[in-house]
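Q: Give me the fold of what follows.
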Amino acid sequence: MIEIKHLKDCREHIDLVIDWLWKEWGNDKNYGNYQSIVEHSLNKDNLPQTFIAFIDGEPVGTVGLWRCDLISRQDLYPWLACLFVLPKYRGRGIGIELQNFLIQYAESLGYKELFLYTVLNGYYEKIGWEYMGDGFTPKGEKERIYKISTSIML
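A: Numbering: from 1, shown residues only. As a prediction, the model looks like this:
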């Protein structure tokens, strides 16, 4: 059974989550970026928020609810950001559980839509996300932008 907790309630895993995110998406110059986002996501009354998934007490994945994930599209918010599941736990539905949790959480905060961006093509469409166009990273890389209504359950 998957249990999902707010990172504020399990602070002992802060460094682990930072390392997961940085190793998955970071480079040798931006560890501080991931550290700052995670450390500033411990206030349940504001964005960003970070959540962590557990199986039998072992941390296996994380997801964030962020105010801004793709700088070129600051008109869109909030964002499902940094969905990550440890490789040995992939294919077990943990990513979908984290998405469902975050969609419900965003809805409980009054948000009607949720956005994400990714280079993946085909994954998010299968589970209800709607491709809405492309955006660009500060490095000029093109990314696919998706949205979902918070009233939809995957």
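Q: So which helix or strand of the protein has the lowest pLDDT on average?
A: Within the chain, judged by mean pLDDT, DSSP states H and E, the helix or strand with the poorest mean is helix 123-126; its value is a mean of 86.
Q: Off-centre distance for that helix?
A: Remark: helix 123-126 is offset 15 Å from the chain centroid, using Cα atoms, centre = their mean, to the nearest Å.
Q: State the next helix or strand along the chain beyond it.
A: Downstream of helix 123-126, the next assigned helix or strand under DSSP states H and E is strand 130-136.
Q: chain center to whichever helix or strand comes after that following strand: distance?
A: Per DSSP H and E, the first helix or strand lying C-terminal to strand 130-136 is strand 142-149. Its chain's average C-alpha position is 13 Å from that of strand 142-149, according to Cα atoms, centre = their mean.
Q: Flag every buried residue along the least confident helix or strand of the chain.
A: residue 124 (16 or more other Cβ atoms under 10 Å). For glycine as for every other residue, the C-beta is placed from the backbone atoms N, C-alpha and C.
Q: do the same with stretch 85-99
A: Result for stretch 85-99 [16+ other Cβ under 10 Å]: buried residues 85, 89, 94-99.
Q: same thing with stretch 6-15?
A: Of all the residues in stretch 6-15, those buried under the rule 16+ other Cβ under 10 Å are 7, 13-14.
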